[in-house]
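Engineer: Build me a model from this:
(2 chains)
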Amino acid sequence: MNLHSVEMDRWSPIILTLVTFIPLAGALLLLSLPRRDRDIRVFSLVVTLFTFVLSLHLPVHLHRAQAGFQYELDRAWIPTPNIHYHLGVDGVSMWLVVLTTFLSPLCVLISWNSIHERVKEFFIILLVLETALIGVFVALDLFLFYFFWEATLIPMALLIGMYGHGRKVYAAVKFFMYTMIASVFMLAAILWLYAKVGSFDFVTIQNAIRNGQVANFTGAAQWLFLGFFIAFAVKVPLFPFHTWLPDAHVEAPTAGSVLLAGVLLKMGTYGMLRFNLGLFPDQARANAWWVMILALIGIVYGALVALVQPNMKKLIAYSSISHLGFVVLGIFTFTQAGLDGATFVMLAHGVSTGALFMLAGILYERRHTYEILEFGGLASSMPVYASFFLFVVLASVGLPLLNGFVGEFLVLSGAFQARAIYGILGATGIIWSAGYLLWMYQRVFYGKITHVVNETLPDLDPRERIALLPAAAAALVMGVAPLLWLNAIDPAVQTALAPFAQLASKVVGQ
Amino acid sequence: MAQTIPQGVEYVRILPEIVLSLFGMVIMVLDPLVDERSTQKLLGLIALIGSVAAIAATLYQSQFPGLGFWGMVKVDGFSTFFHILVTAIAAVVILSSFEYMQVQQIRAGEYYGLILFGAVGMCLMSSAVELVLIFIALETSSISTYVLAGFRRRAAISSEASLKYFLLGSFATAFFLYGVALMFGATGSTSISVIAQALRLSPVPVLAYAGIAFMFVGLGFKVAAAPFHVWTPDVYEGAPAPVVGFMSTAPKAAAFAVLLRVMFESNAPGRLWLIWVAAALSMTLGNVGALVQQNVKRLLAYSSIAHAGYLLVAFAALANNGIPAAMFYTASYAAMNVGAFAVVSHLAGAGERYVTLDDYAGLGRRSPLLAATLTIFLLSLIGIPMTGGFFAKFYVFSAALQANLVGLTIIGVLNSAVGAYYYLRIIVVMYMREAREEVPAIPVSPALGAALGISVAATLYLGLLPGRVLEYASRSAAELLH
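Structural biologist: Next comes the predicted model:
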């Protein structure tokens, strides 16, 4: 035990820096590698795997009972404005980091054969994206956070625009402009806070607000809340801001979709949890009613639209809108169960929707279409693929003992605590999701083979199995032993809920 | 400061100008003597050495702050900043011109000389504290750039650019001179410090308002601020690409230096609304105009109008925050824009044939490194974090917010969002569209590579570690305001 803590002391200040920047270092090394595609793929796989293994240090050594940020590193970076290089994670952001590092090697594997042109650039972009995504979750300086937040934009837009299909340029530009414009509002709010507090540090600003040391805060708080909220709502995406998502997903390459749905969307919900709740608890309370209504609309609307999609990828994209609605709903219940559940849905959705996109991508590689009507009866020609698909679909619809169930259950129980009608409406979302996913499954895999080409489709090759297995395994473990995750999430959520302690009872009483 | 013969140290206070002029004259003398083949390299090299020597002279000179030549020249942190900026721009532009002159088959001769003479004027603009000397410096820099704009003699469009620039430019300088005359009438002096004292006494004479307005018209023309911006797209389109890189940054920086001195050091009255309107107009007209451009040079011309607008926002802000923000902005704008035009001049090819957006299609595939370089400059122009452009905008807008200019800040932020669209369009075209016809890929020459390397390094340095430059700017701004 003693030895243990010595080791922690040595590693804990730099571990987050290492995890964040090793992918970037890998990308820089890739620049100098010759254009031999196989070497580049292997190298990227090694880098992402190494990052994943290194990131496992975080959950292993986390002091689970301890609230607040851990593995902190705080160094002055730029004197004017007073920007610090301040990293740290709590139970929530730590798992999001691990989710990112977990999905990245799978993305490399799934792109192994589907990317033929400009391979080097592809993997460079992927690695840069990984660094930016991890950075978003570990940054505790608002400026640094914004920095990484914007930095995710360019590689993602390039992935869609360079390696996507169909109307890829349209989708890439739409994605870029939507999120860029929305984040300008967040920047404005950050700058306002800086002007009043004189620091970008999250903890400093939080304390200043709680102690009432920010001048004119009461007048501006609503605007600040909205400034942050718009940036996050577009990213999630919450109901009226969702229109970029289907386009971006449908045209994106598989790896892009996996990271987009798996991690990028969670930046938005993470932001709401960390900043909207963390900095503006009163405004979060005051605005919760319409946010929850939007979330419920998103849950039902996303599911209904998913139901009628003829395109498999678009269906999964709309299902993401529905699932992320659960997350937002859970966050704005301000209950322990709701927030635990929201965080768990983020992770579960990352794993299972990531897997769904990989599966859709595998089919696309074989047939170059996502149209559901082009398939049918695939269960006989691709049995292994079909069983993987079924497993992931079941995980996604929330079958007990798989990962989807735990989170949605917690969110709904939180929603019922807040107000019964929220819980009832939210619960319909689970029924819908069973509907559209299972119906899609039925149309693609059961019945007779209607197209001759589908008779001879090759089943999964070993590489694809290796890419899918970890995701499926994670879905199972998360469903069977959710406490492994929840006991780290719980203290962080309790901290986030501290200012709501007296309020929480009021919600129930309403 | 009686009418005495200048002391030795006073010559040091114009040392960079002396060095630049000497090297310029050497080039002019050598030009007819050397063989036409070797002129390119030799004269360019002399010019390069000259500009580097001028940087060294500036560093030496900065140890002797103070007034010189009967109070007409002042060496302080402020002037040192702009001296280094202007001469560094000149050096990078010279580096990027080697290849261009060869490809365009232009006899280089006085080209390099003119860049140095232009730099003399611009350096002097930043250290002059007397309106008549400022005027002479302004003319020196302008006349050089008029000629440089017309250097593609065989292209009608270049001559058109030169003539347009000359006619409108002279008109604008006349305005400036008129303003100087009115100011003299109002305060009885042309020395900025005397004017400042006179203007502190109330009531401020009405003539002074008119004088300031006229001077602002003249300088607004030089920095391409709306509503005096109409010449910019045509001139930038016609002038040789490296020259555009030069004249969109160095004279602008110098003119902004003069504006800073005239507006802040002279305690100019009524400056706020004047600048407010010009800033809002420049940002809006520049960005909206750029949206529809197909020609990359024209697009960057409109973008430079917009950036003049962002810069003016800093002028509208309080002096103690606005001046360092404006200085930082000129530096980072110089880094990214000189770099962008270096790429444009490389890609333009003989006779500047390839300057439309369509010609950039597929560049990401054709020459990945060049495309990546241009992407960095464009991202910086958008104002993406990690690049100098981000902190430039950041400082400007936070200075404006601190001065409670909320309306202007909102206009500026919305404009940056619009601006993102057209810069992004170039990136999209480079990476996501296939080339329609085979555009030849010319290998990048070492000199141009060095120019690009310096620009990228400067852009990223200002984006990652802006602290030192900003601190320097803040200190010299404090000096400026006493």
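Engineer: and B:Leu219, what does it touch?
Structural biologist: Applying C-beta atoms under 8 Å, 6 or more residues apart in numbering or on different chains to B:Leu219 gives the contacts B:Phe176, B:Ala255, B:Val258, B:Leu259, B:Val262. No exception for glycine: its C-beta is placed from N, CA and C like everyone else's.
Engineer: Packing partners of the host helix or strand of B:Ala306?
Structural biologist: Assigning secondary structure by DSSP states H and E places B:Ala306 in helix B:296-316. Contacts defined by 3 or more C-beta pairs under 8 Å, 6 or more residues apart in numbering or on different chains; DSSP states H and E place helix B:296-316 against helix B:231-238, helix B:241-247, helix B:250-260, helix B:271-291, helix B:319-348, helix B:388-402, helix B:406-432.
Engineer: Tell me which of those helices is the most buried.
Structural biologist: helix B:241-247 (a mean of 30; mean count of other C-beta atoms under 10 Å in any protein chain shown).
Engineer: Residues in contact with that one: which ones?
Structural biologist: Contacts for helix B:241-247 (C-beta under 8 Å, 6+ apart): B:89-90, B:93, B:96-97, B:100, B:115, B:118, B:145, B:148-149, B:151, B:236, B:239, B:297, B:300-301, B:337-338, B:340-342, B:344-345, B:348, B:352, B:355.
Engineer: The same query, at a cut-off of 6 Å, please.
Structural biologist: B:Val93, B:Ser96, B:Ser97, B:Tyr100, B:Thr145, B:Leu148, B:Tyr236, B:Val338, B:Phe341, B:Val344, B:Ser345, B:Ala348 (C-beta atoms under 6 Å, 6 or more residues apart in numbering or on different chains).
Engineer: Can you add distance to B:Arg433 and pLDDT and give those back as TSV?
Structural biologist: Formatted as TSV, the contacts of helix B:241-247 follow (distance: C-beta to C-beta, whole Å; pLDDT from 0 to 100):
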residue	distance to B:Arg433	pLDDT
B:Val93	30	93
B:Ser96	26	90
B:Ser97	30	89
B:Tyr100	26	86
B:Thr145	35	92
B:Leu148	33	90
B:Tyr236	24	91
B:Val338	26	93
B:Phe341	22	92
B:Val344	18	91
B:Ser345	22	89
B:Ala348	19	85
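Engineer: just the angle between the host helix or strand of A:Leu144 and helix B:388-402, please?
Structural biologist: Using DSSP H and E, A:Leu144 sits in helix A:142-151. Helix A:142-151 runs at 130 degrees relative to helix B:388-402, counting by axes from the mean of the first three to the mean of the last three C-alpha atoms, to 10 degrees.
Engineer: before we move on, the earlier item: turn the helices and strands packed on helix B:296-316 into CSV, including distance to A:Arg118.
Structural biologist: Shown next, in CSV, are the helices and strands packed on helix B:296-316 (distance: least, C-beta to C-beta, whole Å):
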stretch, distance to A:Arg118
helix B:231-238, 32
helix B:241-247, 28
helix B:250-260, 37
helix B:271-291, 29
helix B:319-348, 20
helix B:388-402, 27
helix B:406-432, 9
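Engineer: Out of the ones you listed, which gets nearest to A:Trp485?
Structural biologist: A:Trp485 lies closest to helix B:388-402 among these, at 36.5 Å (C-beta to C-beta).
Engineer: Just want the residue of the stretch 151-300 of chain B that's nearest chain A.
Structural biologist: B:Leu291 (12.6 Å; C-beta to the nearest C-beta).
Engineer: ok, now which ones touch that residue?
Structural biologist: B:Tyr422.
Engineer: Packing partners of the longest helix that chain B contains?
Structural biologist: Across chain B, the longest stretch assigned as helix under DSSP state H is helix B:156-187. Applying 3 or more C-beta pairs under 6 Å, 6 or more residues apart in numbering or on different chains; DSSP states H and E, we find helix B:156-187 packed against helix B:131-149, helix B:206-222, helix B:231-238.
Engineer: Helix B:131-149 and the following helix or strand past that helix, what's the angle between them?
Structural biologist: Remark: after helix B:156-187, the chain's next helix or strand is helix B:192-200, criterion DSSP H and E. Orientation of helix B:192-200 against helix B:131-149 (the same axes, to 10 degrees) gives an angle of 120 degrees.
Engineer: Buried residues in helix B:192-200, which are they?
Structural biologist: B:Ile192, B:Ser193, B:Val194, B:Ile195, B:Ala196, B:Ala198, B:Leu199 (16 or more other C-beta atoms under 10 Å in any protein chain shown).
Engineer: all strands of chain A, in order?
Structural biologist: Per DSSP state E, chain A carries strands over the ranges A:70-78, A:83-89.
Engineer: Was I right to think B:Ser21 contacts B:Val120?
Structural biologist: Yes. Look at B:Ser21 against B:Val120 with C-beta atoms under 6 Å: they come within range, at 5.4 Å.
Engineer: Those two: which is more packed in?
Structural biologist: B:Val120 (26 against 19; other C-beta atoms under 10 Å in any protein chain shown).
Engineer: Quick check: the more buried one is in a helix.
Structural biologist: Yes. With DSSP: H, G, I helix; E, B strand; the rest coil as the criterion, B:Val120 is located in a helix.
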